[in-house]
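Participant: the sequence isn't on hand, but the structure is:
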């Protein structure tokens, strides 16, 4: 069973507080502070105390249990619900690892949930404690800091993906046909990263309008500064996807070109072999004609009239030469020789 961890903040500093949710909320409201509740790997039953204490609807709580694959912003009654996707890049495996953080924001409460436990909420809270000026601005100030943390974290991911894309572009013009598998794999990772980054711009714009429209006017740092960074991140991720699409097209073109060149070489070799066969066949036919004539006259039958003819031998030699010359001229005219 996952136990929620409660921290009461007053004037930007953490104060001791009981871990019983209703008592912690009552103590927070008694002093006008902010309550931050963190929960790691919760089950459905673990969220019921949160729902009862903070007035969340059962359907809203059920949606928090389901892990989203995109960043999103929604309303849970008087609370805001956000799903953010901090990312890390494993350069060796060339994979983008996105881990969800669910955030529920109220006037005096901030609930942070790590569904899979991949995000260290205690470490995150420690980083927040280093900036009491942000915590003084209340839950929306802390929310701004979380957006700042998440969007800045994308920088290393983008640099890692870009480095691998540069390697792919160099690999394209080599003889490694397996580069297409690398392109496909990285393309999948970029698509997953796009799911995390694409909604951020609209989320931040909506969030800025919601904060400005609050009746008591919550003084928080400007969300539009993070919006600019989110636009840059999303544009860069979109450019990665286009580059990988282009790389895949170039790779397919290069493969076709190499196959065509190989086919052309095979065709040239086949033509050369055919020419050689023609030449060999032509000379064989030319050599066969005199052999045929000599074979006939070499039979030495008594009744062959040429045996007693004075011009028989010159006639046979002349016939051999004439037939061979005729065949040579025929083959030469037909480009066999």
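Facilitator: Happy to help now that I have it. Source: prediction; values computed, not measured. Residues are numbered from 1 along each chain as shown.

Participant: tell me, what residue is most central in the chain?
Facilitator: In the chain, the centroid-proximal residue (Cα atoms, centre = their mean) is residue 187; its distance is 1.6 Å.

Participant: pretty sure residue 266 sits in a helix.
Facilitator: Yes - residue state for residue 266 (DSSP: H, G, I helix; E, B strand; the rest coil) corresponds to a helix.

Participant: what's the local residue count around it?
Facilitator: Residue 266 has 10 neighbouring residues, counting by other Cβ atoms under 10 Å. C-beta here means a position set from N, CA and C on the backbone, and glycine is covered the same way.

Participant: do residue 241 as well
Facilitator: For residue 241, the neighbour count with other Cβ under 10 Å is 15.

Participant: so it sits right up against residue 192, yeah?
Facilitator: No - in this structure residue 241 lies outside contact range of residue 192 using Cβ atoms under 8 Å: 11.1 Å.

Participant: follow-up on the earlier one: now do the contacts for the residue nearest to the centre of the chain.
Facilitator: By Cβ atoms under 8 Å, 6 or more residues apart in numbering, the contact set of residue 187 is 241, 244-245, 248.

Participant: what's the next secondary structure element after the helix or strand bottoming out on mean pLDDT in the chain?
Facilitator: In the chain, the helix or strand scored least confidently by mean pLDDT, DSSP states H and E is helix 58-65, which has a mean of 71. Moving toward the C-terminus from helix 58-65, the next helix or strand (DSSP states H and E) is strand 72-76.

Participant: show residues contacting that next one.
Facilitator: For strand 72-76, contacts defined as Cβ under 8 Å, 6+ apart pick out 56-57, 60, 63, 80-83, 104, 199, 203, 206-207.

Participant: circling back to that earlier point, where neighbours are concerned, which of the contacts of residue 187 has the most?
Facilitator: residue 244 (23 neighbours).

Participant: that one and residue 34, how far apart?
Facilitator: Going from residue 244 to residue 34 by Cβ to Cβ, to the nearest Å gives 44 Å.

Participant: cool, and residue 251?
Facilitator: Residue 251 is 54 Å from residue 34, by Cβ to Cβ.

Participant: what residues are up against the nearest residue to residue 283 once chain neighbours are set aside?
Facilitator: Distances taken as Cβ to Cβ, 6 or more residues apart in numbering place residue 337 nearest to residue 283, at 7.8 Å, with adjacent residues excluded. Contact analysis of residue 337 by Cβ under 8 Å, 6+ apart lists 278-279, 282-283, 328, 331.
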